[in-house]
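A.B. asks: have a look; sequence and predicted model below, questions after that.
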Amino acid sequence: MSIEIIDPYARVEELEKEFAKRFSLTETIVVRNRLKLDDTVTAVANQTAKYLANLRPMPQLVGVSWGRTLWRVAKQLEEGWAVDPMVVQLNGGVATLSAAQSVQETILGFAQKSNGKARGLPSPAVVSKPSLASALRADPVVADVLGMGRQADVAIFSLGALRFDSVLVESGCITKNEVTRLRAKGGVGDILGRFINGVGEIVSEELESRTIGVDLEALKKIKKSIAVAVGENKASITRAALKGGFMTTLITDENTAKQVLSER
């Protein structure tokens with residue numbers, strides 16, 4: 001009798017090589033799917049945490065977005081993954097208490113496990129009027145955090161599918177009617193709360209004008225930008241983000257990777 005030990009966090013090297021051929025990425029990490037989605041999220045978060053811990057030189061200024069997956073990454077990070085970095089929030093937060101708490105826990109988790117400091121972004125992700133957004137961006141505290149975010153050595157963010165049950169919808173940042181309108185315009189999802197179409201272009205300039213956070217053109221200038229996507233419903237936004245050139249590293253699961261490669 002033989003016993004086979006299966007690594008729950010095993011990588012799929014053949015798919016990683018295929019991504020290297022197809023897209024301009026520094027690195028791709030593809031993690032084998034588990035039977036349950038929650039276990040797959042944990043596996044991807046584990047590999048993301050390992051990747052961050054192995055970055056050399058260690059980052060000193062780290063831009064971090066938020067979401068269910070990055071909250072899990074923060075939990076998986078090992079102590080001392082970096083040394084005394086400044087961790088800054090890349091995009092505005094949400095009003096829902098549980099979601100807002102996870103935003104804070106994510107940013108603080110990255111900082112506390114590296115003896116670093118954290119700077120949150122004291123602003124909603126999306127506000128009601130462009131004039132209010134302009135006023136917030138001009139606030140010295142908000143402007144300072146956004147300025148640091150643009151100068152980050154490393155940016156890490158999750159990719160969001162355009163769904164009625166997304167955190168942005170559940171928290172009231174955007175409405176279900178807006179989701180419907182964005183879909184009608186070709187929207188496939190968001191990066192840092194900014195909604196793009198299948199080729200990586202902003203879908204709604206009006207919504208863009210009400211969004212607080214590091215913009216996508218600034219994101220493209222960050223030397224190392226790490227996108228994390230889990231779940232086949234993230235395939236379209238992942239491919240769009242690749243087409244837009246918004247990441248240097250992609251960390252995802254096997255099924256999502258296959259779906260991305262199969263889309264034209």
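C.D. replies: Sure, I can see it.

A.B. asks: switch to C-alpha atoms for all contacts and neighbour counts from now on
C.D. replies: Fine.

A.B. asks: which residues are in contact with Val12?
C.D. replies: Applying CA atoms under 8 Å, 6 or more residues apart in numbering to Val12 gives the contacts Ile29, Val30, Val31, Arg32, Glu254.

A.B. asks: now it: how far from Arg56?
C.D. replies: Val12 sits 23 Å away from Arg56, going by CA to CA, to the nearest Å.

A.B. asks: Leu168 too?
C.D. replies: For Leu168, the distance to Arg56 - CA to CA - is 34 Å.

A.B. asks: the two - which one has more neighbours?
C.D. replies: Between Leu168 and Arg56, Leu168 has the larger neighbour count (other CA atoms under 10 Å), namely 25 against 8.

A.B. asks: the residue nearest to the more buried one when sequence neighbours are not counted: neighbour count?
C.D. replies: Spatial nearest neighbour of Leu168, chain neighbours left out: Ile174 (6.0 Å); criterion: CA to CA, 6 or more residues apart in numbering. Using other CA under 10 Å, Ile174 is surrounded by 20 other residues.

A.B. asks: what does the one 4 residues further on give?
C.D. replies: For Glu178, the neighbour count with other CA under 10 Å is 13.

A.B. asks: ok, Asn33 next?
C.D. replies: When neighbours are counted by other CA under 10 Å, Asn33 comes out with 24.

A.B. asks: need phi/psi at the residue nearest to Leu168.
C.D. replies: Backbone geometry at Ile174, expressed as degrees, to the nearest 10, gives phi -130, psi 160.

A.B. asks: my guess is it meets Pro124, correct?
C.D. replies: No. Counting by CA atoms under 8 Å, Ile174 stays clear of Pro124, with 11.1 Å between them.

A.B. asks: next SSE after the strand or helix carrying Ala135?
C.D. replies: Element membership for Ala135 (DSSP states H and E) is helix 130-138. Sequence-wise, the next helix or strand downstream of helix 130-138 (DSSP H and E) is helix 140-150.

A.B. asks: low-scoring stretches of the stretch 151-264 of the chain, by residue?
C.D. replies: Residues of the stretch 151-264 of the chain meeting the criterion pLDDT under 70: 264.

A.B. asks: please enumerate the strands of it.
C.D. replies: 154-161, 187-191, 194-197, 224-229, 249-253 (DSSP state E, counting those that start in this stretch).

A.B. asks: nearest to Asp38, out of these?
C.D. replies: Of all the strands of the stretch 151-264 of the chain, it is strand 249-253 that lies closest to Asp38, at 11.9 Å by CA to CA.
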